[in-house]
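Q: Give the three-dimensional model of this entry:
(one chain, ligands or ions: 1)
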Amino acid sequence: MQPVRKAVLPVAGLGTRFLPATKVMPKEMLTVVDKPVLQYVVDEAREAGIEQFIFVIGRGKQVIEDHFDISFELESMLAERGKTKPLEELRAQLPEAGNVSFTRQQSPLGLGHAVWCARELVGNEPFALLLPDVIIKNKRGVMAQMMDVYNEHGSNVIAVEEVAPERTDQYGVVEINGSGDVFDVTGMVEKPKAGTAPSNLIITGRYILKPRIFDLLANTEKGAGGEIQVTDAMLTLMKEDGFKGLKFQGTTYDCGSKIGFLAANLAFGLDRPDLAPELTEIAKGLMG
Ligand code: UTP
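A: Coordinates of the predicted model:
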């Protein structure tokens, strides 16, 4: 079985749900407490053993490249002023030299197209795909949980979670065979009409995919919203090769939406011993 060494992080979307914040600032760089959303996702991938990070960027996203580079002036100033703790933290968060690559998606034609743009950098091996505007809070990251499933079954893996049945029409929904936390996925449907969803398990922005997906994406027609959808290609991959679903441990925050982003700041803030007491008092005061 080939190991999963590479992660693809598509960050070329327009982030229209978060305007005007995203007019010049990529939504993946908005901060939850004191870290960009994207950094949480890179940390999750690193914890899972990922060695190579492939970012699919678009116009106006150069700040992402700078974030994953050494800031020479900042570091020398911190060193000069004896601020060793923030300096160590900055260095610890940086992937090793040569382990970060960037490619461009010239037009935002959808997630499927963004993934396809990474084909040459991934090559002929399985890879992790993480949507960088979704952070999932758990002691052990979701990608590490998914690696366990991949290492046991050698299959494509998709992370799923339960939602209230009346909300399934907003998401990609899976049909499954089996019970427990790991099962076979037998169908996938993007935003099913109310009352037609095959389950209340939704796809949550974390995948382990075999490289065959690139051929399938190349032949995928535009789907919902005029964009090339990754779900359509995954459906064919599922029929050819199978897919395991993992009902993971963790709480999801969709930081591409305003409400998810606010909830993430509250949840991660309340988790920080240096901030929680004061934040709790402020929240209580605001709630009356
Ligand atoms: P979203 O579905 O949240 O799309 O993308 P979006 O266009 O960024 O945001 P809205 O809906 O307009 O607010 C999920 C992830 O896929 C990337 C995004 O950057 C985001 O991290 N993406 C999306 C691309 O890289 N390219 C695309 O063409 C679309």
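
Q: Count the neighbours of the closest residue to L216 other than its chain neighbours for me.
A: Closest residue in space to L216, ignoring its immediate chain neighbours: A233 at 4.0 Å, by C-beta to C-beta, 6 or more residues apart in numbering. Using the backbone N, CA and C atoms, a C-beta is placed for each residue, glycine as well. The local packing count at A233 equals 24, with neighbours defined by other C-beta atoms under 10 Å.

Q: cool, and V24?
A: Neighbours around V24, by other C-beta under 10 Å: 8.

Q: picking that back up, the residue nearest to L216 is in contact with R212, isn't it?
A: No: taking contact to mean C-beta atoms under 8 Å, the distance of 9.2 Å between A233 and R212 leaves them out of contact.

Q: Angles on the backbone of the residue lying closest to V24 once chain neighbours are set aside, please.
A: Setting aside the residues directly before and after it, V24 is nearest to G60 in space (C-beta to C-beta, 6+ apart), at 6.7 Å. Geometry field for G60 lists phi and psi as phi 80, psi 10, criterion degrees, to the nearest 10.

Q: Do you know the pLDDT at G60?
A: Reading off the confidence values, G60 has pLDDT 82.

Q: separation between it and I50?
A: 26 Å (C-beta to C-beta, to the nearest Å).

Q: Next: I282.
A: Spatial separation of I282 from I50 under the definition C-beta to C-beta is 37 Å.

Q: These two: which has the busier surroundings?
A: The residue with more neighbours, out of I282 and I50, is I50; 23 against 12, by other C-beta under 10 Å.

Q: near the ligand, which residues of the stretch 151-288 of the chain show up?
A: Among all residues of the stretch 151-288 of the chain, those adjacent to the ligand (criterion: C-beta under 6 Å from any ligand atom) are G256.

Q: Quick check: which ranges of the stretch 151-288 of the chain have low pLDDT?
A: In the predicted model, the stretch 151-288 of the chain carries pLDDT under 70 at residues 224.
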